[in-house]
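In: Sequence first, predicted coordinates after that:
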Amino acid sequence: MNSQQQQISSSALLTRPLWQQHLRLLLVLAGSVLTLLILMVVFSRMDNNEFVLTETPVPLEVASTVQPDSVESTGTSSKPLNKMSITLREGETIATLFNRLKIDHSELHSMITAHPRNKILTHIRAGDRIQVVYDDQHSVHELSYRPNLTTQLTIRRAVEGFDSNLTSVQLDHRQAYTHAVIKNSLFASGKRQQIAGHLLKELVEIFQWDIDFAKNIRSGDSFSILYDESYLDGQKVGTGHIAAAEFTNQGRTYRAIRFIDPKGHVDFYTPNGMSMKKQFTRTPVRFTRISSTFSLGRWHPILHRLRRHQGVDYAAPSGTPIKSTANGQVVFKGRKGGYGNVMIIQHGRQYSTLYGHMKAFAKGLNVGSRVQQGQLIGYVGMSGLATGPHLHYEFLINGVHRDPLTVKLPIGSPVPYAYKNQFRAHVNRMLAHMQTHQQVEYASAGQKKDDLNA
Ligand SMILES: [Zn+2]
């Protein structure tokens, strides 16, 4: 059979010219060489690729085997540890959570018994968050838990059992800015701007001496607040106090800056260092004598019956100037029975003062007028029920009469002289912050207008 085939092929060869037979051989040879070359190139490329790829994992492998835990079993230790941040579900405890993670109960027991403070783990409930690091053998390497915002408990595997550490977590403080134009009410406008309620309350507290928030807020009034925010791991966790504020009430702008002096005393001041809490002067008039003191019951010389005297009578010549004892606002002006001509001034939210038996009121003052401490408000007289010219003066806190001669007056001291340089630097910084924010606000408001016009 073989010889027959050979014969056939040799006869075929013989039927073609010699050069054709050589060309075919040459082509086969060339093809083989080319294929070999291509294969060599491809393989050398693959070699290169393989080299590049294998080079990076090597140090990682080395690094992971260096870890003391994995020295003995290199094979499994190269796998990464499981690090999980878990919020406990409804009804879950640390024990049931460990079941969920398939961690042996003895692990939990040795963690809790490692240190008395670790007992707190047994109080963890739904909504609490823990971080746990465990390996493929389900043995815990580290567990951390924050019993409160600024404390962290860390339990780490030690050579024997577990170590327990309590560390304090530093909160980040940043300053934020907000601005609002009042449409109808301060609190409604604040709410619309999503300003925290306690910031609005603090704002009212600060400016209550200058602005009547109950009656004198107008649509178009505006305010800007620089306030503290605290962050934990980049997450906002709280809104703190006002650092600086500005309030424009009926076209007049008031500013307040918080200042913490080196002794730790905190107060709000005007940019000039005056306290936002306005001081009262003790007496509203230059008197000759105190003709009647504050008492809960005395014989009234004209009414001829026992009456409470809820103020102090300062005897003074008719026409003696009467001055407001603090900044405030006129809330009553007119005749009031036995008091004769009376003016009542409201100071902040809590305080009011009453001035009676006046001969006349100061010109230009009406209900709603703002008065400064020491400003002339009227003149001593004997209008109403009075035996002689004197000023009847009352002092009320939250509507309750107090003895004007002994009442503890709210003291709003200016910034102590010793701290004036620190205060000035602080004020400049705060006002600059405020201005930067306001410019941004103004520019973006202008942009919105332009957008609308376009
Ligand atoms: Zn009196």
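Out: Yes, it's here.
In: so P321 touches V285, yeah?
Out: Yes. Using Cβ atoms under 8 Å, P321 is in contact with V285, at 7.3 Å. C-betas here are computed from N, CA, C, even on glycine.
In: Please identify which of these two sits among more neighbours.
Out: V285 (20 against 15; other Cβ atoms under 10 Å).
In: what about the residue in the stretch 1-150 of the chain positioned nearest to the ion, neighbour count?
Out: Nearest residue of the stretch 1-150 of the chain to the ion: L149, at 55.8 Å (Cβ to the ion). Residues within reach of L149, counting by other Cβ under 10 Å, total 12.
In: So what pairs up with R252 in the strands?
Out: Beta bridges link R252 to N249, judged by DSSP bridges.
In: how near is D313 to S295?
Out: From D313 across to S295, the span is 11 Å (Cβ to Cβ, to the nearest Å).
In: Outline the domain layout of the chain.
Out: 77-168, 172-269, 289-402 (automatic domain parsing).
In: Of all those, which one comes closest to Y417?
Out: Shortest distance between Y417 and these, using Cβ to Cβ, is found for domain 172-269: 11.3 Å.
In: any idea of the mean pLDDT for that closest one?
Out: The average pLDDT within domain 172-269 is 91.
In: repeat for stretch 98-107
Out: The model assigns stretch 98-107 a mean pLDDT of 89.
In: So what would you say the end-to-end distance of that stretch is?
Out: 9 Å (Cα to Cα, to the nearest Å).
In: what's next to that stretch, contact-wise?
Out: M84, E92, A95, L108, V132, Y134, H138, S139, V140 (Cβ atoms under 8 Å, 6 or more residues apart in numbering).
In: and if we set it to 10 Å?
Out: Residues from elsewhere that reach stretch 98-107, judged by Cβ atoms under 10 Å, 6 or more residues apart in numbering: 82, 84, 86, 88-89, 92-93, 95, 97, 108, 110-111, 132, 134, 137-140, 143, 157, 162.
In: ok, back up a step: between D313 and S295, which has more neighbouring residues?
Out: Ranked by neighbour count (other Cβ under 10 Å), D313 and S295 place D313 first, with 22 against 12.
In: ok so the more buried one is a helix residue?
Out: No. Read with DSSP: H, G, I helix; E, B strand; the rest coil, D313 is strand and lies in no helix.
In: Quick one: neighbours of the closest residue to it other than its chain neighbours, just the number.
Out: Nearest residue to D313, sequence neighbours excluded (Cβ to Cβ, 6 or more residues apart in numbering): S292, at 3.8 Å. S292 has 17 neighbouring residues, counting by other Cβ under 10 Å.
In: do the same with A245
Out: 25.
In: Quick one: list the elements packing against the stretch of helix or strand it belongs to.
Out: Using DSSP states H and E, A245 sits in strand 235-249. Where contact means 3 or more Cβ pairs under 10 Å, 6 or more residues apart in numbering; DSSP states H and E, strand 235-249 is packed against strand 172-181, helix 197-207, strand 222-232, strand 252-260, strand 266-269, helix 420-453.
In: Give the buried residues for the fifth one.
Out: Within strand 266-269, the residues scored as buried using 16 or more other Cβ atoms under 10 Å are D267, F268, Y269.
In: so the last one makes contact with I260?
Out: Spelled out, that is Y269. No. Counting by Cβ atoms under 10 Å, Y269 sits too far from I260 to count as a contact (11.2 Å).
In: so what's in contact with the two at the same time?
Out: Common contact partners of Y269 and I260 (Cβ under 10 Å, 6+ apart): H426.
In: re the thing from before, mind putting the helices and strands packed on strand 235-249 into TSV with distance to the ion?
Out: Formatted as TSV, the helices and strands packed on strand 235-249 follow (distance: least, Cβ to the ion, whole Å):
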stretch	distance to the ion
strand 172-181	45
helix 197-207	33
strand 222-232	41
strand 252-260	35
strand 266-269	35
helix 420-453	42
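In: The protein against the ion: which residues are in contact?
Out: With Cβ under 5 Å from the ion as the criterion, the chain comes near the ion at residues D313, H392.
In: Smallest distance to the ion belongs to which residue of the chain?
Out: For the chain, Cβ to the ion, closest residue to the ion: H392, 3.4 Å.
In: That residue and G311 touch, don't they?
Out: Yes. With contact defined as Cβ under 10 Å, H392 and G311 form a contacting pair (5.3 Å).
In: who touches both of these two?
Out: Joint contacts of H392 and G311 (Cβ under 10 Å, 6+ apart) are S292, Y339, L354, Y355, G356.
In: From the residues you listed, which land in strands?
Out: In this view, the shared contacts of H392 and G311 that belong to strands under DSSP state E are S292, L354, Y355, G356.
In: Let me have the residues you listed in CSV, adding pLDDT as columns.
Out: Output for these, formatted as CSV (pLDDT from 0 to 100):
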residue, pLDDT
S292, 88
L354, 97
Y355, 98
G356, 97
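In: Three-state assignment for S106, please.
Out: Assignment for S106 (three-state DSSP): helix.
In: A95 now?
Out: A95 ends up helix, using three-state DSSP.
In: For ChimeraX, write the selection for the buried entries among the shared contacts of H392 and G311.
Out: Applying 16+ other Cβ under 10 Å to these, the buried members can be selected in ChimeraX as follows:
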select :292,339,354,355,356
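In: what residues does stretch 143-150 touch?
Out: By Cβ under 10 Å, 6+ apart, stretch 143-150 touches 85, 94, 98, 103, 107-108, 111, 117-118, 120-121, 123-124, 128-134, 151-157, 162, 164-171, 230, 232, 237-238.
In: change it to 7 Å
Out: Outside stretch 143-150, the residues that touch it by Cβ atoms under 7 Å, 6 or more residues apart in numbering are 111, 120-121, 124, 130-132, 152-155, 168-169, 171, 232, 237.
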